[in-house]
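Chemist: Below are the sequence and a predicted model for it; my questions follow.
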Amino acid sequence: MTAADVAEQQGRPWNRQRLRSTNERLLLDRLRAAGAASRAQLARETGLSKPTVSSALAALEAAGLVHEVGTHAPERGRTAVLYAPDPAAGHVLGVDVGRGWLRVAVADLDGAVVARSDVRNRARSSGAMADLVVATARQVVAGSGVAPQEVVHAVVGTPGVYDEKQRRVRYAMHLPGWGRAGLFDRMREELGVPLEVHNDANLAALGEYTYGVGAASRLFAYILIGTGLGMGVVSEGRLFTGAHGLAGEIGFLPWPGQQKPERLEDAVSGVAVVETARRFGMSGQLTAKAVFDAARQGNEAAVKAVQLEGERIAHTVAAAAAVLDPDLVVLGGGVGHSVDLLLKPVRDNLRALTPLRPKVVPSRLGEDAVLLGAVATALGTARDVVFERRSATS
């Protein structure tokens, strides 16, 4: 099918300028997907003529979208120049807003992080938190050596679900006031960058699919266990979010509590680990990390708390397995740091609970999963924006 046929099917007028743009985008996508290549190699793989490839590459190079990265000397014939996308043609901003930490990164169009900052989230109000996001993002951009106008898109990961119509986050239970309308509009305006907002567990799942252990999976579930509980589901490389963006909000599932019915999030989270450890006799200023560290040293109360948490996570995995039939379940979030202690009780309890036993593994990205998912999501838009911008001015 020719470029003219494609344009006609899509209801767009065909002309030579559009044909040139289509050819340039075809070559750029090929270079991004499969790596550096020569003119002759690109002509063979795309079906375009060598003169067309040469013309398109020249235009891409003039626009700053590709650059020479070396040469290839075959056994016979001339030495060929190799081309690859120029990662410095544009940049993106990724932001992970958590109750304990704010993580911000600037990445180039290859997804390589060129600057980042992790700061304690000590904000006492939603307004102060928005100010912290803006200030930290500006600081990271300034420290990256990238001109602010070269940052073309930003993605923020946050607990809860962003309501586009009401322009606010819903269900962010652990970030008081974060559901106030207008906060993200304000951040967009002050940063001067188009900004998307996504659920943190969904971004973690995309990060793990792009950069971590989920890449070869047909359908996998990422269970984010931290201050709260969430799940992201990636099927055939695409995020599944449901009819209203609420798919994966497993923290709202009912759970039989000691005194009254609770939510699953009340049983499976860092807070739950601490409460369970106290119930078994631990005292003092406890954190989930302190409980897991004590369990490694053989503290009886801590060991019991970790075993119970493993049992509860197994129930979570069993529910996901019954509904989704994933081939892989990834455990991540703050509690994921201690997955070495949790994997055995999770797997043992899973065998007792259900015949459905997906492979359960720890996150490869750890606490960077949300941030890298934000980067990966921002790149999807930024690459299009950079191509359109630079092609129009070249």
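Modeler: Structure received.
Chemist: In the chain, where is pLDDT below threshold?
Modeler: 1-15, 75, 257-261, 394 (pLDDT under 70).
Chemist: Quick one: end-to-end distance for stretch 69-78.
Modeler: Using Cα to Cα, to the nearest Å, the end-to-end distance of stretch 69-78 comes to 17 Å.
Chemist: residues making contact with it?
Modeler: Outside stretch 69-78, the residues that touch it by Cβ atoms under 8 Å, 6 or more residues apart in numbering are 36, 38, 79-84. To be clear about C-beta, it is placed using only N, CA and C from the backbone, and glycine gets the same treatment.
Chemist: Could you do stretch 333-340 as well?
Modeler: Residues contacting stretch 333-340 (Cβ under 8 Å, 6+ apart): 100, 204, 223-227, 269-270, 273, 288-289, 292, 295, 306, 309, 331, 342, 362-363, 366-367.
Chemist: what's the answer for stretch 287-305, then?
Modeler: 270-271, 273-274, 276-277, 279-282, 306, 334-335, 337-338, 341.
Chemist: Highest neighbour count among those residues?
Modeler: residue 273 (30 neighbours; other Cβ atoms under 10 Å).
Chemist: thinking again about what came up before, sitting in helices, which of the contacts of stretch 287-305 do you find?
Modeler: 270-271, 273-274, 276-277, 279, 306, 341 (DSSP state H).
Chemist: Make JSON lines out of those and add distance to residue 73.
Modeler: Formatted as JSON lines, the ones in helices among the contacts of stretch 287-305 follow (distance: Cβ to Cβ, whole Å):
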{"residue": "270", "distance to residue 73": "56"}
{"residue": "271", "distance to residue 73": "61"}
{"residue": "273", "distance to residue 73": "59"}
{"residue": "274", "distance to residue 73": "62"}
{"residue": "276", "distance to residue 73": "64"}
{"residue": "277", "distance to residue 73": "64"}
{"residue": "279", "distance to residue 73": "70"}
{"residue": "306", "distance to residue 73": "58"}
{"residue": "341", "distance to residue 73": "53"}
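Chemist: residues in contact with residue 121?
Modeler: 97-102, 129, 132.
Chemist: Could you save those residues as CSV and add columns showing neighbour count?
Modeler: Shown next, in CSV, are these (neighbours: other Cβ atoms under 10 Å):
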residue, neighbour count
97, 27
98, 22
99, 20
100, 14
101, 15
102, 23
129, 23
132, 18
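Chemist: which one of those is nearest residue 145?
Modeler: residue 102 (21.6 Å; Cβ to Cβ).
Chemist: in the sheet, who's paired with the closest one?
Modeler: residue 97, residue 119 (DSSP bridges).
Chemist: hey, where'd the helices end up in the protein?
Modeler: According to DSSP H, the helices that the chain contains are 3-9, 16-34, 39-46, 50-62, 126-144, 183-191, 200-211, 264-267, 270-279, 288-296, 300-324, 339-353, 369-393.
Chemist: residues of the third one that come out buried?
Modeler: Within helix 39-46, the residues that qualify as buried are 39, 41-43, 46, counting by 16 or more other Cβ atoms under 10 Å.
Chemist: picking that back up, residue 195: which of the contacts of stretch 287-305 is nearest?
Modeler: Closest to residue 195, out of all of the contacts of stretch 287-305 and judged by Cβ to Cβ, is residue 334, at 25.2 Å.
Chemist: separation between the closest one and residue 148?
Modeler: 32 Å (Cβ to Cβ, to the nearest Å).
Chemist: what's the answer for residue 202, then?
Modeler: Taken as Cβ to Cβ, the span from residue 202 to residue 148 is 28 Å.
Chemist: what's the answer for residue 126, then?
Modeler: 25 Å.
Chemist: Those two: which has the busier surroundings?
Modeler: The neighbour comparison of residue 126 against residue 148 (other Cβ under 10 Å) goes to residue 126, with 17 against 13.
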